[in-house]
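Engineer: All I have is the shape, not the residue letters:
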């Protein structure tokens, strides 16, 4: 194999280890069927299980899903209350199955605004699945990347002020340790469903070199086959990280 071809082969990924998903389109999916938006959110929650189950066969070790953003509080009180109820129901219903299937669950985002019942369930699920390692499922609730970075910088500044950290020692790696995702690798592939081509304040720091896929499929229609196709397409891309292959 010529040197250039060999180098190109080395930069082509075999498959994404960490996939992040902006699960968009639940409301539109429901409304197109003459149903309330919450009907779509319930359908979308069921879809998460299918995608989690597909991960091991596809070599995906980490799956991060965007469930509720810091901006989603602007939605109607009915929809927000319904989503919070859905999160509680999802955790209660799926906890045992996730644990039995070797899924480790983590939650990222600011929990201060969430109700005590929900945060208690989140804590319990994290503890219940802490020993699992087959798939790492991270669920972003009340998450916004700017909010995450702001909270991280505040904690970093507190450590500088207390003398635990020197300003001259602060690097990109230092800040990464203060992020909600500090125990996770950066995403290799970020998928957004529903035809919108924006990243909506999701994993901005972590996705600096991620590959993106914006697809028209609404989240409740996002099947295992669609996921498999996107993971396969990722393997055909070249990742140069700023370098040039000659």
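Structural biologist: Yes, it's here. These numbers come from a predicted model, not from an experiment. Residues are numbered from 1 along each chain as shown.

Engineer: Where does pLDDT dip in the protein?
Structural biologist: Counting by pLDDT under 70, the chain has low-confidence residues at 1-13, 237-246.

Engineer: residue ranges of the strands in it, please?
Structural biologist: For the chain, the strands defined by DSSP state E cover 18-22, 62-69, 103-108, 135-143, 189-192, 211-214.

Engineer: Take these and write them to TSV, including mean neighbour count.
Structural biologist: Where C-beta positions appear, they are placed from N, C-alpha and C, glycine not excepted. As requested, these are exported to TSV (neighbours: other Cβ atoms under 10 Å):
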stretch	mean neighbour count
strand 18-22	25
strand 62-69	22
strand 103-108	22
strand 135-143	23
strand 189-192	24
strand 211-214	16
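
Engineer: got those strands as a markdown table, with distance to residue 56 columns?
Structural biologist: What follows is those, written out as a markdown table (distance: least, Cβ to Cβ, whole Å):
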| stretch | distance to residue 56 |
| --- | --- |
| strand 18-22 | 13 |
| strand 62-69 | 11 |
| strand 103-108 | 10 |
| strand 135-143 | 6 |
| strand 189-192 | 16 |
| strand 211-214 | 21 |
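
Engineer: Quick one: closest of those to residue 179.
Structural biologist: Proximity to residue 179, assessed across the strands of the chain by Cβ to Cβ, is greatest for strand 103-108 (8.6 Å).

Engineer: what pairs with that closest one, and is each one parallel or antiparallel?
Structural biologist: Note on strand 103-108: by DSSP bridges, its sheet partners are strand 135-143 (parallel).

Engineer: Output the longest helix belonging to the chain.
Structural biologist: When the chain is scanned for its longest helix (criterion: DSSP state H), the result is helix 77-100.

Engineer: Pull out the buried positions in that one.
Structural biologist: 82-84, 86-88, 90-91, 94-95, 98-99 (16 or more other Cβ atoms under 10 Å).
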